[in-house]
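# only geometry, no sequence info:
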């Protein structure tokens, strides 16, 4: 399994999928920096993360995950790479499990990068704007929020991975991601309580609710359940 995961990481090296995973998390930090450069308020860690993390959880993360999983799956779909992989003397479920594990590692990396780029944007905006943040850096709170975000996005990542690996058509996972994101935004605007457990809503709920743990647990458990079904399904059927 380790060798398979290493091979998957090598496939991502220099790919458009890796570029998306690294570049997209920089957007919240870039916007936070612009906000600090264009007003007279001193920089604040709490203000920066109060802006960056909801933007990431509600809108950017679902879209980036959809794009990343689609691009990562296209590495095999293009040139009929599955024909070669599935003829190797390796159980098919291990191949799919390795690909899914690498996608989850990339998703966790994106969650960390969002924090890092927001810190960088706040420091640059504060240095060239009014003033650097004076409050202590919220290490513990950010570590907890990063864990919540990663756990709550597990169901979303698993579902997008399943669709991207299952269908060779690049458009299908993108349409799913866009549709889910629009539904999540509609839920936020209408403030309905009837879609709290929708996979695209869970990350945002885990970030803003006073009791975020149930949403993070729901995302993690749902993600594990979807992964099991996905590996069973892909192992029994030809990817098309």
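Arrived safely, thanks for sending. Predicted model only: the values in this text are computed from it and were never measured. Residues are numbered from 1 along each chain as shown.
# can you list contacts of stretch 216-232?
Outside stretch 216-232, the residues that touch it by Cβ atoms under 8 Å, 6 or more residues apart in numbering are 93, 96-97, 100, 147-148, 151-159, 161-162, 165-166, 197, 199, 202-203, 206. Any C-beta I mention is one placed from the backbone N, CA and C, and that applies to glycine too.
# and it, how far from the chain's centre?
Chain-centre distance of stretch 216-232: 15 Å, with Cα atoms, centre = their mean, to the nearest Å.
# Would you indicate which residues of it are buried?
The neighbour-count check on stretch 216-232 (16 or more other Cβ atoms under 10 Å) flags 216, 217, 218, 219, 220, 222, 223, 226, 227, 230, 231 as buried.
# that older thread, out of the contacts of stretch 216-232, name the ones that lie in helices.
Counting by DSSP state H, the part of the contacts of stretch 216-232 found in helices is 93, 96-97, 100, 147-148, 151-152, 154-159, 161-162, 165-166, 202-203, 206.
# Just the buried ones among the residues you listed, please.
96-97, 100, 148, 151-152, 154-159, 161-162, 165-166, 202-203, 206.
# helix or strand for residue 117, which one?
helix 92-128 (DSSP states H and E).
# quick one: average pLDDT of that helix?
For helix 92-128, the mean pLDDT works out to 93.
# Correct me if wrong: residue 129 contacts residue 34.
No. In this structure, residue 129 is not within contact of residue 34 by Cβ atoms under 8 Å, at 9.9 Å.
# Looking at the two, which is more packed in?
The residue with more neighbours, out of residue 129 and residue 34, is residue 129; 20 against 13, by other Cβ atoms under 10 Å.
# Quick check: chain neighbours aside, which residue is closest to the more buried one?
residue 36 (4.4 Å; Cβ to Cβ, 6 or more residues apart in numbering).
# for the chain, which spans come out with low pLDDT?
79, 237-240 (pLDDT under 70).
# what distance separates stretch 68-86 from the middle of the whole chain?
On Cα atoms, centre = their mean, the centre of stretch 68-86 falls 20 Å from that of its chain.
# Just the buried positions in that stretch, please.
Applying 16+ other Cβ under 10 Å to stretch 68-86 flags 68-77, 82, 85-86 as buried.
# Restricted to strands, list these.
Taking DSSP state E, every one of the buried residues of stretch 68-86 sits outside strands.
# and of the residues you listed, the nearest to residue 175?
Distances from residue 175 to these, taken as Cβ to Cβ, are shortest for residue 70 (10.0 Å).
# Determine the set of other helices and strands touching the helix holding residue 117.
helix 2-12, helix 16-23, helix 26-37, helix 45-55, helix 61-77, helix 139-152, helix 154-166, helix 213-236 (3 or more Cβ pairs under 8 Å, 6 or more residues apart in numbering; DSSP states H and E).
# Can you lay out those helices as JSON lines showing distance to residue 108?
Shown next, in JSON lines, are these (distance: least, Cβ to Cβ, whole Å):
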{"stretch": "helix 2-12", "distance to residue 108": "14"}
{"stretch": "helix 16-23", "distance to residue 108": "11"}
{"stretch": "helix 26-37", "distance to residue 108": "17"}
{"stretch": "helix 45-55", "distance to residue 108": "15"}
{"stretch": "helix 61-77", "distance to residue 108": "12"}
{"stretch": "helix 139-152", "distance to residue 108": "5"}
{"stretch": "helix 154-166", "distance to residue 108": "9"}
{"stretch": "helix 213-236", "distance to residue 108": "12"}
